[in-house]
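**Student:** here is a sequence with its predicted model. Questions after.
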Amino acid sequence: MVERRSLVEGISGAKPEDEKEFVYGEEPSAKKSNSFDKHSQPKILPQMASRVPITTRARPEIASALKRASLERQLSGEQPFYVQEILEEALDAWLRSRGFL
């Protein structure tokens, strides 16, 4: 078991390099890059490989139109008909057209 020490001992013994690494989450000697590579694939953490919940607010006419489209597509047997799938398809197209995906 690790020997316990007081809070003052723990704080006063920290090296500046260790402090920077802890605060900024990177090695002090790491080069910082300001450029954004649009063609690189975004990193997806293993626990986020499935869908994640997001919450947003929309105008009532958009929400009504979306729900109506969902119900009409479901009745006619067209895919996608779930609100989630319709939103994903629309957001995917918008993000791709602007270079975010």
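**Tutor:** Cool, got the structure.

**Student:** can you show me the strands along this structure?
**Tutor:** All residues of the chain lie outside strands when identified by DSSP state E.

**Student:** check contacts around residue 86.
**Tutor:** Shown in contact with residue 86 (Cβ atoms under 8 Å, 6 or more residues apart in numbering): 66, 69, 70, 73, 80. Every residue, glycine included, has its C-beta placed from N, CA and C.

**Student:** for the lowest-mean-pLDDT helix or strand in the chain, packing partners?
**Tutor:** The weakest-scoring helix or strand in the chain, judged by mean pLDDT, DSSP states H and E, is helix 7-12 (a mean of 77). If you count contacts as 3 or more Cβ pairs under 8 Å, 6 or more residues apart in numbering; DSSP states H and E, helix 7-12 packs onto no helix or strand.

**Student:** restrict it to CA atoms and write it as CSV.
**Tutor:** The C-alpha coordinates for helix 7-12 follow below in CSV (Å, rounded to 0.1, in the frame of the first residue of the first chain):
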residue,chain,number,x,y,z
LEU,A,7,-2.2,17.6,1.3
VAL,A,8,0.6,20.2,1.6
GLU,A,9,3.3,17.6,0.9
GLY,A,10,1.3,16.4,-2.1
ILE,A,11,0.9,19.8,-3.6
SER,A,12,4.4,21.2,-2.9
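
**Student:** going forward, the N-terminal residue is numbered 109.
**Tutor:** Shifting the count to begin at 109 puts that one at helix 115-120.

**Student:** can you give the distance from that helix to the centre of its chain?
**Tutor:** Helix 115-120 sits 36 Å away from the centroid of its parent chain (Cα atoms, centre = their mean, to the nearest Å).

**Student:** same deal with stretch 159-178?
**Tutor:** 20 Å.

**Student:** can you list contacts of it?
**Tutor:** With Cβ under 8 Å, 6+ apart, stretch 159-178 has contacts from 189, 190, 191, 192, 194, 195.

**Student:** contact partners for residue 188?
**Tutor:** By Cβ under 8 Å, 6+ apart, the neighbours of residue 188 are 181, 194, 196, 197.
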